[in-house]
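Chemist: model the following, please.
(2 chains)
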Amino acid sequence: AQTVTQSQPEMSVQEAETVTLSCTYDTSESNYYLFWYKQPPSRQMILVIRQEAYKQQNATENRFSVNFQKAAKSFSLKISDSQLGDTAMYFCASNDYKLSFGAGTTVTVRA
Amino acid sequence: DVKVTQSSRYLVKRTGEKVFLECVQDMDHENMFWYRQDPGLGLRLIYFSYDVKMKEKGDIPEGYSVSREKKERFSLILESASTNQTSMYLCASRSTTGLLGSPLHFGNGTRLTVT
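Modeler: Modelled structure (predicted):
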């Protein structure tokens, strides 16, 4: 069975600083996608960023970037210049024809 | 923007009741999903539907059933609610274009309490 592991249940960061969330996954497929989703306290889950396994270049979306280490099956999310609105639960997910989610990391941005 | 609407944000039901959770999406997506979200467990897939009248069991289908009579609507049914089904339920939809990379679009969730 495919598994996605987020080892950090909670993280706290000062506003304007950087925080990195870790995620490891397990798959035997050669083609797959990885995602980070954000669930703010209002609850609607939204896509933050995604990465195709075939692409070596790490994906970037404004202040959000990933460090994709395919051999290590690692997919971390870096939030730069953290803002109060980044406070949310973040879920890592993988899709190799079966979607799997990690347990989530709660990020709190302190003013 | 894709809109996925869940009919209730909060529900309180009694043990043994039949419960219907409704989900509607407005972007003609083929795939629809029901997840439950519990602290420390992340999202666990209950059922999904590839298309109208098609359904597949997910990882935790016991005690649940689903219905997809129309493409835009996917209903989750708790045949006889039990206290261990108290949870947050999330509906999602997805286009099949670029399938592996196609993201899920989620509803706001329904917080169900079974007493």
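Chemist: show me which residues of chain B are close to chain A?
Modeler: B:33, B:35, B:40-45, B:88, B:90, B:92, B:100-101, B:103-104, B:106-109 (CB under 8 Å from any CB of the partner chain). (C-beta placed from N, C-alpha, C; glycine too.)
Chemist: hmm, try it at 10 Å
Modeler: Contact residues (CB under 10 Å from any CB of the partner chain) of chain B with chain A: B:4, B:6, B:9, B:31, B:33, B:35, B:37-45, B:48, B:58-59, B:88, B:90, B:92, B:94, B:98-111.
Chemist: buried ones among these?
Modeler: B:4, B:6, B:31, B:33, B:35, B:37, B:42-45, B:48, B:58, B:88, B:90, B:92, B:94, B:100-111 (16 or more other CB atoms under 10 Å in any protein chain shown).
Chemist: nearest residue to the middle of chain B?
Modeler: Among the residues of chain B, the one closest to the centroid is B:Trp34, at 2.5 Å (CA atoms, centre = their mean).
Chemist: in which helix or strand does it reside?
Modeler: strand B:31-38 (DSSP states H and E).
Chemist: same check on A:Tyr90?
Modeler: Judged by DSSP H and E, A:Tyr90 forms part of strand A:88-95.
Chemist: which non-adjacent residue is nearest the spatially most central residue of chain A?
Modeler: For chain A, A:Trp36 is the residue whose C-alpha lies nearest the centre (CA atoms, centre = their mean; 3.7 Å). Counting by CB to CB, 6 or more residues apart in numbering or on different chains, A:Val48 is the residue found nearest to A:Trp36 once chain neighbours are left out, at 4.4 Å.
Chemist: what segments of chain B are helices?
Modeler: For chain B, applying DSSP state H gives no helices.
Chemist: all strands for it, in order.
Modeler: Per DSSP state E, chain B carries strands over the ranges B:4-6, B:10-13, B:19-21, B:23-25, B:31-38, B:42-49, B:56-57, B:64-70, B:73-78, B:87-94, B:105-106, B:110-114.
Chemist: flag every residue of chain A that's near chain B.
Modeler: So chain A meets chain B at A:1, A:4, A:6, A:9, A:29, A:31-35, A:37, A:39, A:42-53, A:89, A:91-104, A:106 (CB under 10 Å from any CB).
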